[in-house]
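Undergrad: Any chance you could fold what I've pasted below:
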Amino acid sequence: MEPLFSIGVMYDPFVNRALEPWTFGIYAGGQSILVGTPSGVTLAPEGGAHQSITTPSTGIEVPGLVTYEPAFAQDVEWSLLHAMSLMGRPGGESAYLRLSTRGVDQSMARVPADPAARERRRQQVVAGAYRLRTSTRPVVQLVGMGALMTEVLAAADRLAEMGIEAEVVCVTSPGLLYRALRSGQLRSPAMESVGSVGSAAGGSGWILDQVFPASSAVPMVTVLDGHPHTLSFLATINQVEHVALGVSTFGQSGDIDDVYRYHGIDTESIVFAALDAVRS
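TA: A predicted model of the protein is given here:
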């Protein structure tokens with residue numbers, strides 16, 4: 001006998017259509033991987049009917065489910081392999097990967113060449129986030145996820161030209177970061193038992209200490225191609241000023257730049273939000 005990994009792929013908005021049988025299957029002990037792509041309003045050039053804005057919340061809120069929205073190909077590989085490692089064993093979990101068909105410059109990932117640093121990056125990716133750009137004296141922290149990392153990094157460059165140092169965090173799993181935050185808040189026997197699955201699946205607090213240390217307690221801007229509340233909880237880690245950017249309506253059709261501008265998730269909007277956060 002050989003293990004069979006059940007992996008399904010569908011348009012991301014249809015994840016909610018499949019939610020009832022899928023979640024009850026997870027409740028009954030089934031383990032599978034669902035890939036939702038393309039996602040968000042990033043697919044606006046093909047029309048408005050297939051846009052998704054609430055699926056990131058779905059990934060956070062379904063019990064027994066690890067969710068990832070990686071921005072770079074290497075992150076996809078690490079996330080998928082980790083998700084497969086959680087399947088087919090007691091205490092394992094299902095996984096949901098929210099992906100995009102938008103092309104992203106892979107050099108922006110700055111994957112370390114040093115083996116130890118590369119392994120550290122891998123561990124952070126599968127645990128939920130990593131710091132893509134650091135600063136000794138950050139003024140603002142830009143936190144992005146998925147396809148929007150292109151705009152987040154461009155905004156950081158624009159701010160640097162203004163003399164404003166911005167740290168950049170790339171979130172790969174808001175669900176795991178939320179688990180880490182909650183496990184630190186509750187510290188109950190029930191939460192400890194969840195952690196027995198593994199540090200990433202259980203939501204260990206080490207990832208918050210590494211990616212959101214107290215030294216980075218500066219105003220924060222979060223942005224994703226999904227509902228803005230998805231990442232809002234991150235501002236509570238260090239109780240910082242926060243501006244949440246995202247998509248709360250859907251259906252507009254056009255090229256990506258125009259649609260991003262319409263929803264306020266383009267580079268210029270991120271820069272303005274950062275300036276507002278710093279001045280508040």
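
Undergrad: what about the protein, any weak spots by pLDDT?
TA: Across the chain, the ranges flagged by pLDDT under 70 are 1, 187-203.

Undergrad: buried ones in stretch 34-43?
TA: By neighbour count on 16 or more other C-beta atoms under 10 Å, the buried set for stretch 34-43 is 34, 35, 36, 38, 39, 40, 41, 42, 43. From N, CA and C alone the C-beta is placed, and that goes for glycine too.

Undergrad: Spit out the contact partners of the fifth one.
TA: What that stands for is residue 39. Taking C-beta atoms under 8 Å, 6 or more residues apart in numbering as the criterion, residue 39 is in contact with 12, 13, 52, 55, 69, 98, 99, 100, 146, 147, 225, 226.

Undergrad: Tell me how far the second one lies from residue 236.
TA: Between residue 13 and residue 236 the computed distance is 29 Å (C-beta to C-beta, to the nearest Å).

Undergrad: Kindly report the same for residue 221.
TA: Residue 221 is 15 Å from residue 236, where distance means C-beta to C-beta.

Undergrad: sorry, back to before: please compare residue 13 and residue 236 by neighbour count and tell me which comes out ahead.
TA: Neighbour tally, residue 13 and residue 236, criterion other C-beta atoms under 10 Å: the higher count belongs to residue 13, 20 against 11.

Undergrad: Not counting its neighbours along the chain, what's nearest that one?
TA: Leaving aside its chain neighbours, residue 13 sits nearest to residue 52 (4.0 Å; criterion: C-beta to C-beta, 6 or more residues apart in numbering).

Undergrad: so that neighbour touches residue 250, yeah?
TA: Yes. Here residue 52 reaches residue 250: they are 7.4 Å apart, a contact under C-beta atoms under 8 Å.

Undergrad: Of these two, give the one with the bigger neighbour count.
TA: residue 52 (26 against 18).

Undergrad: Could you look up the SS state of the more buried one?
TA: Here residue 52 is recorded as coil under DSSP: H, G, I helix; E, B strand; the rest coil.

Undergrad: can you pull the contacts of it?
TA: Contacts of residue 52 (C-beta under 8 Å, 6+ apart): 11, 12, 13, 15, 16, 36, 39, 40, 226, 250.

Undergrad: Next: residue 248.
TA: Residues near residue 248 by C-beta under 8 Å, 6+ apart: 53, 227, 228.
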